[in-house]
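> Need a 3D model of the sequence below.
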Amino acid sequence: MSRENLVLGAGVVLPDDVEVGANVVIHDGTIIGTGCVIQDNVVLGKQPKLARRSTTPREPIPPLVIGTGVSVCSGAVIFAGSSIGDNTVIGDQAFVRENVTIGTDCGIGRSVCVENQTTIGNRCNIQSNSYITRLCVLEDDVFIAPCVTTTNDNFMGRTEGRHELLKGATIRRAARIGGGVVILPGIEIGEEAFVAAGALVTKDIPAGKLVAGLPARVWRDVPEEELLENQ
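The predicted structure is shown next:
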């Protein structure tokens, strides 16, 4: 790769074996592990620019940390204060806000948006155009199909009291979420649960259950042969 027009901030750690494409910007203090691939037009370690009325915390943000063997594909933007685990792939034009933790061996698909203060475990797969809102927790081995939307504010910007009630989804280990699903604020989806494509999730989903519909309701247990331990 060319490293043409590479812009490096102060104190950036960039090992010699990292492949860097054209027009990449790496902001101050960013730490990149060995064996990474940074493709064209990527921005790393960007500081957030908050709106005047934003409810996002405004404390100082530490540098971005990227583990070993990570690939960041063309046009992706990853903010300061986040950490990306070893061997994870961040897809083309994906967007990862500040103070996000992403574990090892994850796949973050094309144009996925992960908002701030979200935690994603190891071996998670989040497919194209999904929206993971602020204050979500995804445990290990979660699967998110394309175009899933999570939400965190039942008051949609109204009332001062909403600030104490903001909460994203909690998606437990090995749960699977189908394409186009919408999950309302503060919902917990149990381990190994299966949410069918197009569902609207308005209440917590028990572990190991298959749900579908508008609103989603329990249909049956997830088949034993589909549980992660049986793969």
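> where does the chain dip in pLDDT?
Within the chain, the segments meeting pLDDT under 70 span 1.
> middle-most residue in it, spatially?
Nearest residue to the geometric centre of the chain (C-alpha atoms, centre = their mean): Val114, 3.9 Å.
> okay but that residue is in contact with Ile120, surely?
Yes - when contacts are counted by C-beta atoms under 8 Å, Val114 is listed as touching Ile120 (7.1 Å). C-betas here are computed from N, CA, C, even on glycine.
> list residues touching both of the two?
100, 102, 126, 132 (C-beta atoms under 8 Å, 6 or more residues apart in numbering).
> Show me the beta-bridge partners of the last one.
Okay, so that is Ile132. Val114 (DSSP bridges).
> Distance check, it against Arg162.
When distance is defined by C-beta to C-beta, to the nearest Å, Ile132 is 20 Å away from Arg162.
> Over to the third one?
Taking C-beta to C-beta as the criterion, Ile126 is separated from Arg162 by 26 Å.
> Now Asp40: closest residue in space, sequence neighbours ignored.
Gly21 (3.7 Å; C-beta to C-beta, 6 or more residues apart in numbering).
> contacting residues for Arg172?
Contacts of Arg172 (C-beta under 8 Å, 6+ apart): 139, 142, 188-193, 207.
> 10 Å - rerun?
Arg172 makes contact with 121, 137-142, 188-193, 205, 207, according to C-beta atoms under 10 Å, 6 or more residues apart in numbering.
> Which entries within the residues you listed meet the buried criterion?
121, 137-142, 188-193, 205, 207 (16 or more other C-beta atoms under 10 Å).
> Can you tell me which of the residues you listed lies closest to Pro215?
Ile205 (11.1 Å; C-beta to C-beta).
> so the closest one bridges to which residues?
Applying DSSP bridges, one finds that Ile205 bridges with Ile189.
> which ones are touching it?
By C-beta under 10 Å, 6+ apart, the neighbours of Ile205 are 171-172, 175, 177, 183, 187-190, 193-195, 199, 211, 216-218.
> State the distance from Thr56 to Pro48.
Counting by C-beta to C-beta - Thr56 and Pro48 are separated by 7 Å.
> hmm, back to that, pretty sure the residue nearest to Asp40 sits against Ser71.
No - using C-beta atoms under 10 Å, Gly21 is not in contact with Ser71; the gap is 11.1 Å.
> Determine the residues that are contacts of both of those two.
With C-beta under 10 Å, 6+ apart, Gly21 and Ser71 have common neighbours 37-39.
> Tell me which entries of those lie within strands.
37-38 (DSSP state E).
> Out of the shared contacts of Gly21 and Ser71, which is nearest to Arg110?
Nearest to Arg110 among these is Gln39, at 12.4 Å by C-beta to C-beta.
> how about that closest one, phi and psi?
phi -90, psi -180 (degrees, to the nearest 10).
> Measure how buried Arg176 is and give me the count.
22 (other C-beta atoms under 10 Å).
> likewise Val72?
Count around Val72 with other C-beta under 10 Å applied: 29.
> how about it, what does it touch?
20-21, 24, 32, 36-39, 42-44, 66, 78, 84, 88-92, 94, 96, 108.
> With Ile189 instead?
Contacts of Ile189 by C-beta under 10 Å, 6+ apart are 138-139, 142, 169-172, 175-177, 181, 183, 195, 201, 204-207, 209, 211, 216.
> out of those residues, which are inside strands?
Judged by DSSP E, strands contain the following of the contacts of Ile189: 138, 170-171, 176-177, 183, 195, 201, 209, 211.
> That's all I had, so thanks and see you.
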